[in-house]
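Peer 1: Following is a predicted model, sequence given first.
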Amino acid sequence: MKICKYIILLGCVFSIPLWAQLEGWGEERQLTNNSVADITPDVDVIFDKLEVVWISDDSIMLAESWYDTTWTDTIKLNSDSLINNGNPSINRAIVWKAQDDSRFGIHYRESYPYPCTTLVRIASSDDTLGHPHISNFNLYSDNRAVVWEGWDGSDWEIYFKRGCWEGKADSIVWDSIIALTDNDYDDRYPSILAREWYDSLFHDSICVVWEMFDGNDYEIMCRIFNGESWDSILPLTDNSIADRFPCVSEEPWYGAGPITIIWQKWDGQDWEICMRSNEGGIWSPETLLTDNSVDDEKPVLEWGIVAGGASGLISGIMVWQRWDGQDYEIIARVRDGTLWDAEMQLSEEDSLDDINPRVSMSPPCVKKWGYFGICVVWEGDDGNDKEIYYRLGYHPGGRVEESVKCKTQNAKLEISPNPFIHSTTIKYCLPAKSEVSIEIYDIGGKKIKELAKGIKSAGEHTTYWKTDNISNGVYFCVFKSEKEQLVKKFVVIK
C-alpha cells in the first residue's frame, strides 16, 4: 500500500498533546554581555535546538542551546579575510553579506544538523550586495532558497539562488543566479518563502517580496514561482504613501497554506503595520493591524503550531519595534486560532532602545523546565553598548504527558520522542477489541517495517521501534484497525 495518498490526511490526524500548550512567556534574558556592539540578530527554533546568529564587532557569531538549559560558546562563522560582515539570516542554514579582496559577496554555511560546515560564497560582485534572506523548503527539507539585493551600477535589483541537497553535509549544489528585477528603480529589502508539499507528486513554490522606490514613494512588490516558472511582478500596494520592509510567511498547513505578507505603512502621521494574504491565488484586501499615534516599524511574522490559547491553537506570531515617544520597545501579537490577540510588550520597560526583532516558531521541544515553541530575539542597549536579548514562549509546568485514554469512540495514536535518534515508543489505544496493524513507510511509500499485526483487546497498547539500520529522514507510521486508519509523521535524526 502506498503512503502517498495518506499524506494529505496528516492535517486531520495531527494533534498537539497537553504538554505542548503555550501558557506563558519566560522572562527577558540577555544572551551577550561584553564591551562590543552585538546587533541585528536572527533566530531559528529546530526541534529541541535553539540557534541565534548576530553581528559582533564585524564578525558573524552563532550560539546554540539544546533544551534551553545552557548555551554553547559562541562560534565565529566568517574567516578573518572577510570584512564588513552583516545582515545575517538563519533558517536551517546561515547567509550573510561580506567583503573580501575588494569584492562583495553573499556567504553561506550549514547550520542544522551540520554545524560549521565549509564556508561557501554563493554570489560575488564588484558592486555592493546586501540584505540576504534564506528559506528552507520545509521543516524536513535540506533544499535552500536565498534572495538578496545587489547594486547593478545604477540602482538596486533583487537576485535569487537555489541550492539542492545531494545527500550529505557540504553537498548543496547551487543553481545559477536569477535576477528577479531589472528596472530603473531601487528594489531592496527582500523576504523569501520557499515551500514544498506532496500529494501524488512533490510540489514546490516560492514567494519573494520586497520594497521598490518608484520615484515618488515606496511600494511592496511580489513575485511567485509556481513550480515551473516565475510569474510577472505583482504590486501589492499602489498608492502615494510609503510602504516598507515587507516580510512573507505561510500558515502551517503542510506547504499548501495561505501566504501572508506584513509590512509597515506610513499613514500620514506615523508608521502602522499592514497585512495581505493569498489563498488559492486570490489576494485579500489590505488589513490594518495597528492604528495608533506611535511608530510601529520593521514587522516580522512566523507561523507554526503550538497548542494553547482560548481556541486551543496558537498558529502564528508577529513582532515589531515601536517608538513610544521616548524609546523603542518590542511588541508582539499572537494569533489565537483565527483571531489576533491583543498586543503585549516583550521588552522590559526602560529608557533604552530595543530594536530589530526576529522570531522563530516551531512545534514545541523539550527542555529542563518545560517546553518552548517560540523564541523572539532583538538587540538592546544596556547603557554601554548593544547586546542580544531574547524571550521564550513556553509551557512552564515541566513535562506533563497526556496519557492515551480511550475516552472517545475513536482510536488514538502517539509517537514519542519525535524526532528521535535510535528508538521511539508508539502508543495506541483501542475503544474496543479489534484487529490491528502498524506499519512504517518511508517518504517514497516503501514499507520499511511491520511493527504489529493481530487481534488486540480494548485499552492501551505499546510497541517500540529501533532504527539501527535506518537512515535520516521523514517516515510515516500507518495504524489500521477494523474501523479506523491513522497516519503520523516522524523524523529520524542520526
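Peer 2: Received it, and whenever you're ready, just let me know what you need. Note that the coordinates shown come from a computational prediction; the quantities given were computed from them, not determined experimentally.
Peer 1: average pLDDT for stretch 137-151?
Peer 2: The average of the pLDDT scores along stretch 137-151 is 84.
Peer 1: Equivalent analysis for stretch 101-109, please.
Peer 2: What stretch 101-109 shows for mean pLDDT is 91.
Peer 1: wouldn't D57 be in contact with I39 here?
Peer 2: No. D57 is not in contact with I39 according to C-beta atoms under 8 Å; the separation is 9.8 Å. To be clear about C-beta, it is placed using only N, CA and C from the backbone, and glycine gets the same treatment.
Peer 1: Those two: who's more crowded?
Peer 2: Comparing D57 with I39 by neighbour count (other C-beta atoms under 10 Å), the higher total belongs to I39, at 19 against 12.
Peer 1: so what pLDDT did that one get?
Peer 2: So, for I39, pLDDT stands at 97.
Peer 1: Tell me who's in contact with the residue nearest to the spatial centre of the chain.
Peer 2: Geometric centre of the chain, nearest residue: S360, 5.3 Å, by C-alpha atoms, centre = their mean. Listed by C-beta atoms under 8 Å, 6 or more residues apart in numbering, the contact set of S360 reads V43, D44, V45, E302, I374, C375.
Peer 1: N226 now?
Peer 2: S205.
Peer 1: how much space between it and N278?
Peer 2: Between N226 and N278 the computed distance is 12 Å (C-beta to C-beta, to the nearest Å).
Peer 1: before we move on, what about D231?
Peer 2: Relative to N278, and taking C-beta to C-beta, D231 is found at 11 Å.
Peer 1: So the two - more neighbours on which side?
Peer 2: Just comparing D231 and N278: by other C-beta under 10 Å the higher neighbour count belongs to N278, 19 against 11.
Peer 1: hang on, the earlier thing: helices - which of the contacts of S360 land there?
Peer 2: Among those, none falls in helices (DSSP state H).
Peer 1: can you give me the helices for the chain?
Peer 2: In the chain, the segments counted as helices under DSSP H are 10-13.
Peer 1: got any ranges where the stretch 201-350 of the chain has weak pLDDT?
Peer 2: Scanning the stretch 201-350 of the chain with the threshold set as pLDDT under 70 gives 201-203, 252-256, 304-315, 336-338.
Peer 1: can you pull out the strands in it?
Peer 2: 202-213, 218-225, 234-235, 243-250, 259-266, 271-279, 282-283, 287-288, 295-307, 313-323, 328-336, 339-340, 344-345 (DSSP state E, counting those that start in this stretch).
Peer 1: With respect to Y390, which of those strands lies nearest?
Peer 2: Y390 sits nearest to strand 328-336 of all these, at 10.2 Å, using C-beta to C-beta.
Peer 1: the inter-axis angle of the closest one versus strand 259-266?
Peer 2: 150 degrees (axes from the mean of the first three to the mean of the last three C-alpha atoms, to 10 degrees).
Peer 1: tell me what strand 328-336 is packed against?
Peer 2: strand 313-323, strand 344-345, strand 354-367, strand 370-381 (3 or more C-beta pairs under 8 Å, 6 or more residues apart in numbering; DSSP states H and E).
Peer 1: Which one (most neighbours) among the contacts of S360?
Peer 2: Neighbour-wise, the contacts of S360 (other C-beta under 10 Å) top out at I374, 27 neighbours.
Peer 1: Of all the residues in stretch 78-97, which ones are buried?
Peer 2: Of the residues in stretch 78-97, those with enough neighbours to count as buried (16 or more other C-beta atoms under 10 Å) are 78, 82, 85-97.
Peer 1: how close does N239 get to C274?
Peer 2: For N239, the distance to C274 - C-beta to C-beta - is 11 Å.
Peer 1: er, A98 I mean
Peer 2: A98 sits 33 Å away from C274, going by C-beta to C-beta.
Peer 1: who has more neighbours, those two?
Peer 2: Neighbours per residue (other C-beta under 10 Å) separate A98 from C274, with A98 holding more: 25 against 22.
Peer 1: Contacts only, for that one.
Peer 2: I60, N78, L82, I83, N84, N85, G86, F104, G105, H107.
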